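S.K.: model the structure of this input:
(chains A and B)
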There are 2 protein chains.
Amino acid sequence: MGSLPKDCEHLLKNMVGDEIAMNPLDLGEFRRQEQMVVDFLVNYYKNVEKYPVLSQVEPGYLSKCLPSSAPEDEEPLEAILDDVHRYIVPGLTHWQSPTFFAYFQTNTSTAAILGEMLCAGFSVAGFNWVSSPAATELESLVMDWLGKMLDLPRPFLFSGNGGGVIEGNTTEAMICTLIAARERVLRRSGHDSITKLVVYGSDQTHCSFQKAARVVGIDPRNIRALKTTQSTLFGLSPDLLRKAIRLDIDGGLIPLYLCTTVGTTSVTAVDPLEPLCKVASEFGMWVHVDAAYAGSSCICPEYRKFLNGVEFADSFCFNAHKWLLTSLDCCCLWVKDPNALVKSLSTDPEYLKNEATESKQVVDYKDWQLSLSRRFRALKLWLVLRIYGVRNLRSHIRNDCRLAKLFEELVVKDGRFEVVFPRNFALVCFRIRPSAVTGMANGQAMEDENREAWKLNEVNKLNARLLHAINASGRIFITHTEVGGIYVLRFAVGAILVRERHVIMAWTVVQEHANSLLSMSGSNTHA
Amino acid sequence: MGSLPKDCEHLLKNMVGDEIAMNPLDLGEFRRQEQMVVDFLVNYYKNVEKYPVLSQVEPGYLSKCLPSSAPEDEEPLEAILDDVHRYIVPGLTHWQSPTFFAYFQTNTSTAAILGEMLCAGFSVAGFNWVSSPAATELESLVMDWLGKMLDLPRPFLFSGNGGGVIEGNTTEAMICTLIAARERVLRRSGHDSITKLVVYGSDQTHCSFQKAARVVGIDPRNIRALKTTQSTLFGLSPDLLRKAIRLDIDGGLIPLYLCTTVGTTSVTAVDPLEPLCKVASEFGMWVHVDAAYAGSSCICPEYRKFLNGVEFADSFCFNAHKWLLTSLDCCCLWVKDPNALVKSLSTDPEYLKNEATESKQVVDYKDWQLSLSRRFRALKLWLVLRIYGVRNLRSHIRNDCRLAKLFEELVVKDGRFEVVFPRNFALVCFRIRPSAVTGMANGQAMEDENREAWKLNEVNKLNARLLHAINASGRIFITHTEVGGIYVLRFAVGAILVRERHVIMAWTVVQEHANSLLSMSGSNTHA
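M.R.: Here you go, the predicted structure:
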């Protein structure tokens, strides 16, 4: 340890010394406060089931509860946690509640929380290898682990000259791969061709794709959302794709990128990967596979079939933060050609130059993503895989699918309801069936066609009212979608605390509100 | 709680029951394991100073230490933490070590770790208001708090019809504002004009800006990095900007966006905001202020002057995860016209429709950023502001600047060294001065001009060797840059655990290695 040169000692005179500088990492306080937060969370999980799962607060509620400026002086954690309990918790929609069946889940877990603690504890900004070799190397390693769990083709793994990276989210993964594809074409044809690039998805592709395509400068008129129908179970038709591409080429446009989906957000539809990839390859397009939700399930051999054909794609991505217990954010992207990303996303300013990078022996993940700095997210993924192990993770997936199947069978047993689309994973799409609301059309004189449309509209409205009544109860939270003109209730099983009794309770809540609605509308009220 | 309808009881027969499903949130295990990680981190902080601050591992080291596949069965946390200690810690470059003076710091703190625990604990995906009202409203509130701490003009605050949002990183903030600006123009002039858009920064602007501009489809030939010089202390010249814009307009191009910087990465130069904004406004351009590092300091009145002129900009951004104790990621962006973001980044699929959004009474942050899902990052920022209070946070900033001043004075006292650029914040830019290496040019016969160039090159090489020797020692970690042809050593004070003794020790390390290098090269070895 150094000492101040003699002729510099005066520098320390009259200085504000270390002793009065604040200490943001007092280890005694750290221990005491961590313990308080652990207690808080344990208490939260014990009670979460009792709270209204969908927050019942009014817009603007919080600014009435909290001061409008930051405090001048430090406040005790006791007071802050009291405010969390009093003002934040009622404003939460409780994604970890066992009565949360909305959207898709965002699983947390003990391992994820431990991982986040270590991540924030080390707080390294591992933008390149040298800035923290372990952050880069653990990520590469664990992405190969996960790739093997999914039985991804070897060309996607580092061990097969591809590679994986943890992105923040699906949109970022799409943007990065879109740019890799875009630059590959523009390097050939010149930047002005950007106005001619066309990207393809279906009308079931996640909205992030449209957004990502707009972000990278694709003309909104060149973003295709090809129509899907019940006949293909809302998967994208390869024939339709080929026709669309041909039409675009005839119009002087350049087909760039196809986004396929395994497990769409609305109804978990699965695009036929192999034939779609074959069409895209005829035209030299980049194919991305978005399995944001359903990807996790493919660690179970019985679900792996949904990825068949991924071997013909260029990139594959799913969110471990949905179903695989890592909590936000952990979006896992694999590409066959990492160099395509690096060539389009790399930066090389003097202040980041270093020997490791120049040796070309290392991965610099800053060149695989949008951001420079990046959190050490690999830690939590690694912890999840090791603390639970592959066998338990499969059991976690299967249990959710089992409970979804239970709910599906409850729906089927009640003649007033129907399962609208086949269940692939742990999402059940259901509604009150049209025949249960026959009473409503009585006495109306109209053409058959008009009657059909009118009827569909009435059925949709009734199901929307059912959703609203169920959610307003605060007992469970489910969401909806609309596919092929049909308003659908989505029951997504996946909260980590969910057990059979919650699914059964949920079904009771649905039935109670249906009883009441159907009796008001004079329809058949009995199953 | 519901019960299974009588005629459905058979459904549960032969099912795998809840009792064998894995439990990723066993509360007893949660308590026990959290305690272990707290112990681990306390131990880490106690010892961090003893580790080589710059990791000394070789590329590929980790794959030799860890298995190549995920474990089938669960592993005890004891074994995992043992691996963290044995294999991960040596591969870390220790950003929280008091001997870390590289790049800019990434501060963590007790409050940040607590905030991350709560964030991962609740694990809500607050993409829109209804998906967790508290996540949105706390973020809006705390961004107004922080805006007031920075004395941001009211039009940037929600209370002044602007608003703030926490983005993941600087690149995302730039991309989002670039797109808001881009769409404003393209809505008027048609999408094909994308090839004519020009963006402006200086040769000191962070590399993220070039990347962000490329991402949103700006022709790389239309990304201007205007030259700066010592005469303006490496700030961008408004006259030069005006000339460049005029030239582009004459060439048929459309000026779009100016990225100004307060505290550049290389040398913490400050662009003159007010005159630059005035130039940009003549041409209807969007002006963004990137204060990624230096922004935090502006909570102290004596540093606030560096933001003068921000009132004329459209957007302002800084990273609380650098200097303001939140740990990654917490990039704070304010805009005067949130609607410009929303109009360009919004998505509205059926599965996200809800009454709160339709009421237009709420903020849906998904439309202010790239991603759909978002972590509840406002929690940790709120915790930091409350646990420490504004007074302590100012003291935290001032203490780092005081220690940087101490280092600067040590450099100045040693005649062999010079401070290359004026210190604005807590970064000291220094080098071995040319006159200390006079010996090297002796006996060379060459033209004066060539001699100057040769000399500069020799001085640069010597300073590069000094950097390498210092970092190879593992005792401190500093980084370099090159500005105006000068190779500069950057000494960035900011690690949360840094105290006077570390700064003094660091200077001793610099001197020791300089002694040895200068004596080898036959130069003057005495101060």
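
S.K.: could I get the buried residue list for the helix ranked longest in chain A?
M.R.: Across chain A, the helix with the greatest residue count (assigned by DSSP state H) is helix A:378-413. By neighbour count with 16 or more other Cβ atoms under 10 Å in any protein chain shown, helix A:378-413 contains the buried residues A:378-390, A:392-411. Any C-beta I mention is one placed from the backbone N, CA and C, and that applies to glycine too.

S.K.: same question for stretch A:282-300.
M.R.: Along stretch A:282-300, the positions that meet the burial threshold by neighbour count (16+ other Cβ under 10 Å) are A:283, A:285-300.

S.K.: if I look at the residue in chain A that chain B sits nearest to, how far off is B:P301?
M.R.: Ranked by Cβ to the nearest Cβ, the top residue of chain A for proximity to chain B is A:G217, at 2.2 Å. Distance from A:G217 to B:P301, counting by Cβ to Cβ, to the nearest Å: 42 Å.

S.K.: the more surrounded of the two?
M.R.: Comparing A:G217 with B:P301 by neighbour count (other Cβ atoms under 10 Å in any protein chain shown), the higher total belongs to A:G217, at 26 against 9.

S.K.: do you know the pLDDT at the spatially closest residue to that one that is not a sequence neighbour?
M.R.: Closest residue to A:G217 in three dimensions, ignoring its sequence neighbours and counting by Cβ to Cβ, 6 or more residues apart in numbering or on different chains: B:G217, at 2.2 Å. Model confidence at B:G217, expressed as pLDDT, equals 98.

S.K.: got any ranges where chain A has weak pLDDT?
M.R.: Counting by pLDDT under 70, chain A contains low-confidence ranges at A:1-20, A:438-446, A:522-527.

S.K.: any idea how it splits into domains?
M.R.: Domain assignment for chain A by automatic domain parsing gives A:125-375, A:387-520.

S.K.: need the winner for burial among those.
M.R.: Ranked by average neighbour count under the criterion mean count of other Cβ atoms under 10 Å in any protein chain shown, those are headed by domain A:125-375 at a mean of 22.

S.K.: quick check: end-to-end length of that one?
M.R.: Its first and final residues considered, domain A:125-375 spans 6 Å by Cα to Cα, to the nearest Å.

S.K.: past the longest helix of chain A, which element shows up next along the chain?
M.R.: Scanning the chain past helix A:378-413 towards its C-terminal end, the next helix or strand to appear is strand A:417-419 (assignment: DSSP states H and E).

S.K.: that following strand packs against which elements?
M.R.: Taking 3 or more Cβ pairs under 8 Å, 6 or more residues apart in numbering or on different chains; DSSP states H and E as the contact definition, the neighbouring helices and strands of strand A:417-419 are helix A:378-413, strand A:427-432.

S.K.: wait, does the first one contact chain B?
M.R.: I take that to be helix A:378-413. Yes. For a cut-off given as Cβ under 8 Å from any Cβ of the partner chain, helix A:378-413 has contacts with chain B, namely A:379, A:383, A:385-393, A:395-396, A:398-399, A:402, A:406, A:409-410, A:413.

S.K.: helices or strands up against that helix?
M.R.: Using 3+ Cβ pairs under 8 Å, 6+ apart as the contact criterion, the elements in contact with helix A:378-413 are helix A:110-122, helix A:133-149, helix A:320-323, strand A:417-419, strand A:427-432, helix A:500-520, helix B:77-83.

S.K.: output these in TSV; the columns should cover distance to B:S131.
M.R.: Formatted as TSV, the entries for those read as follows, by distance: least, Cβ to Cβ, whole Å:
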stretch	distance to B:S131
helix A:110-122	19
helix A:133-149	27
helix A:320-323	14
strand A:417-419	26
strand A:427-432	17
helix A:500-520	19
helix B:77-83	32
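
S.K.: looking at those, which is closest to A:V362?
M.R.: Checking the helices and strands packed on helix A:378-413 against A:V362 by Cβ to Cβ gives helix A:133-149 as the closest, at 6.9 Å.

S.K.: neighbouring strands - and their directions - for whichever helix or strand comes after the closest one?
M.R.: Sequence-wise, the next helix or strand downstream of helix A:133-149 (DSSP H and E) is strand A:163-167. Partner strands and pairing direction for strand A:163-167 (DSSP bridges) are strand A:331-335 (antiparallel).

S.K.: quick one, the strand it pairs with and helix A:378-413 angle?
M.R.: Here strand A:331-335 runs at 100 degrees with respect to helix A:378-413, directions being taken by axes from the mean of the first three to the mean of the last three Cα atoms, to 10 degrees.

S.K.: now do strand A:331-335 and helix A:133-149, the angle between them.
M.R.: Between strand A:331-335 and helix A:133-149, the angle formed by their directions is 80 degrees, by the same axes, to 10 degrees.
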